[in-house]
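Engineer: Okay, sequence plus prediction incoming.
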Amino acid sequence: MGDAGAGAVVGDDRLGAVMSDAALIRFDNLTLGYNHHPAVHHLQGEIAAGSLLAVVGPNGAGKSTLLKGIVGELRPLQGQVELCGIKREDIAYLTQQTTLDGSFPIVIYDFVAMGLWAQFGAFRGFSQAARARIAQAIEAVGLSGLEDRPIGQLSGGQLQRARFARVILQDSPLVLLDEPYGAIDANTVRDLAALVRHWNDEGRTVICVSHDFAHVREEYPETLLLAREQVARGATAEVLSETNLKRARSLAETHGELPGAAVCSAEVTSADAEHHHR
Ligand code: ADP
Ligand code: MG
């Protein structure tokens, strides 16, 4: 990477040397963007299996874009994302919550049960074992007794609990969360954060986009700070230093003055890099 910045905590070499055996995700000169314009560029490095990694950065830093790149919703403009031992369709991916999520006419039970579709297919009827798993997932997120409630009637916190129950059923080794605690109550944040810790204790890799530095300091040992490029990555306390955050802000402001400007358009290779399949 050209200018990783003085604040970069973990260099590519160190990262590779330490983690190469257990890498779950590899970024190789990864540039992602839209309509040929890079949104986040030249990422390099690995994410080890079993990581509990926060992704932070200013608005528009490319955090959501990076998750889309990992699940394959966005094809790289340049470079690649390599997944080691996991298929893209097996990744549990919780997108940023929108009001649209609650507008689907479906009750909690069926909404949660959709987490099993990848394994059983839709509308095939669930076995007794599957039904037991659905009940357990609903219980784990504290929604027992509300199975028949239409999701349109749920609070933001309850809806997020239901979405987490779906992730439980997906039973994926890799969980991607995009600002999961945006507009929800403190009790729900506490319960869902405990669930995330539990997933990580089980050996799952969790990558979570967050703008809550206090939460990240408390819950995530490792952090990636983005501002359209990697500003820093490594131990959370070191990454979230004043120097690094200042640099991230100033990078974001620089790009803000040039809306839509291509950061490295000369290097973009693919003609039509954006595609949609979700
Ligand atoms: P973050 O999640 O860090 O706030 P995003 O990854 O959503 O940032 O966005 C990074 C940049 O890409 C922003 O400049 C944003 O405007 C742009 N962008 C995001 N989604 C799209 C899209 N679907 N089409 C075009 N540009 C997009
Ligand atoms: Mg985002």
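Structural biologist: Noted; the coordinates are in hand. Ligands and ions are numbered 1, 2, ... in the order given.
Engineer: contacting residues around the residue of the chain found nearest ligand 2?
Structural biologist: Closest residue of the chain to ligand 2, C-beta to the ion: residue 64 (3.2 Å). (Glycine included, C-beta is placed from N, CA and C.) Taking C-beta atoms under 8 Å, 6 or more residues apart in numbering as the criterion, residue 64 is in contact with 96, 178, 209.
Engineer: same thing but at 6 Å, please
Structural biologist: Listed by C-beta atoms under 6 Å, 6 or more residues apart in numbering, the contact partners of residue 64 are residue 178.
Engineer: again, but for residue 91
Structural biologist: 71, 172, 174.
Engineer: Select from these every entry located in strands.
Structural biologist: Members of these lying in strands (criterion: DSSP state E): residue 174.
Engineer: May I see the contacts of residue 91 arranged in TSV, with neighbour count and pLDDT as well?
Structural biologist: Listed next are the contacts of residue 91 as TSV, based on neighbours: other C-beta atoms under 10 Å; pLDDT from 0 to 100:
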residue	neighbour count	pLDDT
71	18	97
172	21	96
174	24	98
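Engineer: which stretches of the stretch 101-250 of the chain form helices?
Structural biologist: Secondary structure of the stretch 101-250 of the chain (DSSP state H, counting those that start in this stretch): helices located at 108-113, 117-120, 128-140, 156-170, 186-201, 213-219, 236-239, 242-256.
Engineer: These: which one's closest to residue 89?
Structural biologist: helix 117-120 (6.6 Å; C-beta to C-beta).
Engineer: can you tell me the average pLDDT over that closest one?
Structural biologist: Averaged over helix 117-120, pLDDT sits at 70.
Engineer: is ligand 1 contacted by stretch 22-35?
Structural biologist: Yes - counting by C-beta under 6 Å from any ligand atom, ligand 1 is contacted by stretch 22-35 at residue 34.
Engineer: From the rest of the structure, what touches that stretch?
Structural biologist: 38-49, 65, 69, 74, 76-82, 84, 205, 274.
Engineer: And residue 238, how far from residue 247?
Structural biologist: 13 Å (C-beta to C-beta, to the nearest Å).
Engineer: The two: who's more crowded?
Structural biologist: residue 247 (19 against 14; other C-beta atoms under 10 Å).
Engineer: quick one on the thing from earlier: any chance of the helices of the stretch 101-250 of the chain in TSV, with distance to ligand 2 too?
Structural biologist: Output for the helices of the stretch 101-250 of the chain, formatted as TSV (distance: least, C-beta to the ion, whole Å):
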stretch	distance to ligand 2
helix 108-113	23
helix 117-120	24
helix 128-140	26
helix 156-170	16
helix 186-201	18
helix 213-219	15
helix 236-239	18
helix 242-256	13
